[in-house]
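> Next comes the sequence, and after it the predicted model I'd like to discuss.
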Amino acid sequence: MSKALAWIRKSKGDESDVGLEEQRELVRALADDIADEIDVLNLGVHTGFSTMTRDDPTGLLDQNDRVQERVGELEAGEYTHLIAWDDRRICRDEYFSVIQYAAEQGDAEIVYVGDVNEDDLTFDLKRRIERDTKEEEIEKSQRAIERRKEEGYDHGRPRFGMTYDRDGRYQVPGEDFETVLEIFRFDNAGKSRREIGNILDVPTSTVQNVIDRREWYLEREKMAES
C-alpha cells in the first residue's frame with residue numbers, strides 16, 4: 001500500500017508566495033491521485049530556513065518537532081511519496097539535502113505540484129534567480145554565525161534540555177534539564193543507553209548525545225547558577 005506525506009508551508013512575509021489554501025487543495029489532490037493513504041504536515045506560515053544557515057534560538061525548520069518526526073519517518077520507510085507544491089515549500093536552505101537523503105533512505109519519491117503545472121523554462125529561470133538570492137542570504141547568515149563565534153556566544157539549535165538565555169547568547173538549562181540530570185544519574189548507576197531511553201521515554205540517540213556531552217552540560221549548569 002502506498003502512503004504519501006503532503007508537505008505544506010508558506011513563507012513568512014512573502015505575499016507573492018502561493019497561498020496555504022491553494023496548497024492544501026492541490027497538494028492534497030495530487031497526493032490522492034498518487035497514494036492510497038495520506039498524512040498531512042501543514043506548517044502554516046513558517047520559515048523555510050534551518051540552523052544550517054540561520055543562527056536563531058527558536059522557530060527554525062529543523063527545530064520544529066513535527067518536522068523532525070516526519071523526516072525520521074521518511075528515513076524509516078514510512079512513506080512511499082513526499083508531495084509538496086515545489087522544493088521551496090519544503091525547505092529553502094541546505095536542510096533540504098537532509099530531507100532528500102531521508103527520502104532516499106526510505107525509498108520515498110519526491111513529487112511536486114509545481115513541476116506538473118509550470119513551463120520548464122520559466123521554472124528553471126525562477127530557480128536560478130531564487131538560488132542566487134538564497135546564496136546571498138546564506139552568506140549573510142554565515143557571517144552572522146562567525147560573528148557569534150568570535151564573541152564566544154553559542155549558535156544553532158539548543159541541545160536537548162537547554163534553551164537560550166534572555167539575551168540569546170548562551171544555552172542554559174531549560175524545561176527538560178531535569179531529564180538530562182536523570183540521564184546522568186541512571187548512567188552512573190550502570191544502566192545501558194537503551195534502558196535509560198525506555199525509562200525516561202527519550203530516544204537512545206538523545207541519551208547517547210547527552211552522555212557524550214556531560215562535561216558541557218554540567219559546565220553550563222554552573223554558568224547559569226553563577
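Perfect, I can see it now. Computed from a prediction, not measured in an experiment: that's the story for all the values here. Numbers count the residues shown, from 1 in each chain.
> Tell me the bridge partners for Tyr112.
Note on Tyr112: beta-bridge partners by DSSP bridges are Ala84.
> Assess the claim that it and Arg88 are in contact.
No: the criterion here is Cβ atoms under 8 Å, and Tyr112 misses it with Arg88 at 9.6 Å. Heads up, the C-betas are built off the backbone N, CA and C, glycines and all.
> Let me know the secondary structure of Tyr101.
helix (DSSP: H, G, I helix; E, B strand; the rest coil).
> what's the burial count for Ile90?
Per other Cβ atoms under 10 Å, the neighbour tally for Ile90 reads 25.
> That one reaches Trp7, doesn't it?
Yes: contact criterion Cβ under 8 Å: Ile90 and Trp7 qualify, at 5.4 Å.
> ok, Ala103 to Arg157 distance?
22 Å (Cβ to Cβ, to the nearest Å).
> Pull the contacting residues for the residue of the chain positioned farthest from its centre.
For the chain, the largest distance from the centre (Cα atoms, centre = their mean) belongs to Ala189, which lies 33.6 Å off. By Cβ atoms under 8 Å, 6 or more residues apart in numbering, no residues touch Ala189.
> Need the per-residue pLDDT for it.
Per-residue pLDDT puts Ala189 at 94.
> swap in Leu218?
For Leu218, pLDDT reads 90.
> Tell me how many other residues crowd it.
Quick note: Leu218 (other Cβ under 10 Å) scores 13 neighbours.
> And for Glu94?
13.
> Was I right to think it contacts Arg54?
No: at 10.8 Å, Glu94 does not count as touching Arg54 under the criterion of Cβ under 8 Å.
> related to what we said a few turns ago, return every residue with contacts to both of Ile90 and Trp7.
82, 84.
> Look at Asp55 and give its secondary structure.
coil.
> Quick check on it: phi, psi?
Phi and psi for Asp55, reported as degrees, to the nearest 10, are phi -110, psi 90.
> Now for it, how many residues are close by?
As a burial measure, Asp55 scores 20 neighbours (other Cβ under 10 Å).
> Next: Gly77.
So Gly77, with other Cβ under 10 Å, has 13 neighbours.
> for Lys10, same thing?
With other Cβ under 10 Å as criterion, Lys10 counts 20.
> Identify the residue nearest the residue nearest the centre of the chain in space, chain neighbours excluded?
Centroid check for the chain by Cα atoms, centre = their mean gives Asp62 as the closest residue, at 1.6 Å. Nearest residue to Asp62, sequence neighbours excluded (Cβ to Cβ, 6 or more residues apart in numbering): Ser50, at 4.1 Å.
> Was I right to think the one you found contacts Glu94?
Yes: the criterion here is Cβ under 8 Å, and Ser50 meets it with Glu94 at 7.5 Å.
> Could you look up the SS state of the nearest residue to Val202 once chain neighbours are set aside?
Among residues not flanking Val202 along the chain, Thr179 sits closest, at 6.5 Å (Cβ to Cβ, 6+ apart). Thr179 falls in the helix class when you classify it by three-state DSSP.
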